[in-house]
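Colleague: Turn this into a model:
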Amino acid sequence: MAEHDAHHSPQEPPPPAWVKTELARHPQRPDPMSLIESIFTDLSEIHGDRAFGDDPAMYCAMARFDGEEVMVIGNQKGRGTKDKVHRKFGMPDPEGYRKALRAMKLAEKFSRPVFTLIDLMGANPGLGAEERGQAEAIARNLREMSRLRTPIIATITGEGGSGGALALAVADRVLILEKAIYSVISPEACASIMWRDSSKRAQAAAALKATAPDLQHFGCVDDVVPEPGEGAHEDPEEAAKILAEKLRWHLSELKALSVDDLVARRYEKFRNIAQFYTA
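Modeller: Predicted structure coming up:
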């Protein structure tokens, strides 16, 4: 595992939230593409957004899950230095989100369930991405996913960051791996804003309540997927098997609902997340 936060002395263990943040970013942790290749079969990749180009940071494919035809979508972080740079370390451009939405619309047309797997710090914040409508592409995904007339299951496999992750996670069921995190901002960025000191990232990680148990408590995720040993990186094959079983169970529940009921429940689910009242 990566070195613990230098802000803490060797005698003082880092806070649990920061330990999970490090595990979520573990370099050997199975990425969405690894899990897709382990769980789904007969992958037939879809390229391009039909507007600008093909984003290598976003993977979309028609596939089979237990023999059933489905659509699978996930960001690609890359393997090896050159590939990681090529894929922008898994941070999609607007054409990536538009490609994902095009794939979702195809799934809706042919009544195929949609599975998304997410491990990204956020959408690409570069100038080119902003010029090509990054915010609009994310906003459009949020709107269209909220009313897509087919089952959607999203899984946070590592780090789910900001609107870049949410643009793939407006789903009927949102799952998160046990050691993954899901937050509006990274601990480092939060610490820089709140305390003007990024070294307080462990303190920020605890304050963000971004770990799986916290997220389940607040209703931001629907289920926590156990990981083998100290994390999915220890046994990626077993981690994929556990996730596949969870996906199988949730899909069977969603398929029992009518399309109208499915969409209505999804809408209400996201309308009610994080509501609180004070006297």
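Colleague: among the helices and strands of the protein, which has the poorest mean pLDDT?
Modeller: Within the chain, confidence by mean pLDDT, DSSP states H and E is lowest for helix 81-86 among all helices and strands, at a mean of 85.
Colleague: so when I look at L175, I'm seeing a strand, right?
Modeller: Yes. Assigned with DSSP: H, G, I helix; E, B strand; the rest coil, L175 falls within a strand.
Colleague: for S34, what are its contacts?
Modeller: Counting by Cβ atoms under 8 Å, 6 or more residues apart in numbering, S34 touches 236, 240. Using the backbone N, CA and C atoms, a C-beta is placed for each residue, glycine as well.
Colleague: Next one: it from A169, what distance?
Modeller: 19 Å (Cβ to Cβ, to the nearest Å).
Colleague: Mind telling me what element E144 is part of?
Modeller: Using DSSP states H and E, E144 sits within helix 134-146.
Colleague: now whatever helix or strand comes next after that helix and helix 134-146, what's the angle there?
Modeller: Following helix 134-146 in sequence order, the next helix or strand is strand 152-161 (DSSP H and E). Comparing the axes of strand 152-161 and helix 134-146 via axes from the mean of the first three to the mean of the last three Cα atoms, to 10 degrees yields an angle of 150 degrees.
Colleague: Only the buried residues of strand 152-161, if you could.
Modeller: Within strand 152-161, the residues that count as buried by 16 or more other Cβ atoms under 10 Å are 152-161.
Colleague: now the residues you listed in CSV, with pLDDT and distance to D119?
Modeller: Shown next, in CSV, are the buried residues of strand 152-161 (pLDDT from 0 to 100; distance: Cβ to Cβ, whole Å):
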residue, pLDDT, distance to D119
I152, 98, 18
I153, 98, 16
A154, 97, 12
T155, 97, 9
I156, 96, 7
T157, 95, 5
G158, 92, 3
E159, 91, 6
G160, 90, 7
G161, 87, 9
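Colleague: out of these, which one sits closest to K246?
Modeller: Distance to K246 across the buried residues of strand 152-161 (Cβ to Cβ) is lowest for T155, with 8.2 Å.
Colleague: residue contacts, that closest one?
Modeller: 115-118, 174-177, 225, 243, 247.
Colleague: could you dump these to TSV with distance to A189 and pLDDT?
Modeller: TSV is the format used below for the contacts of T155 (distance: Cβ to Cβ, whole Å; pLDDT from 0 to 100):
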residue	distance to A189	pLDDT
F115	29	98
T116	24	97
L117	23	97
I118	18	95
V174	22	96
L175	25	97
I176	20	96
L177	22	96
V225	26	96
L243	28	97
L247	31	97
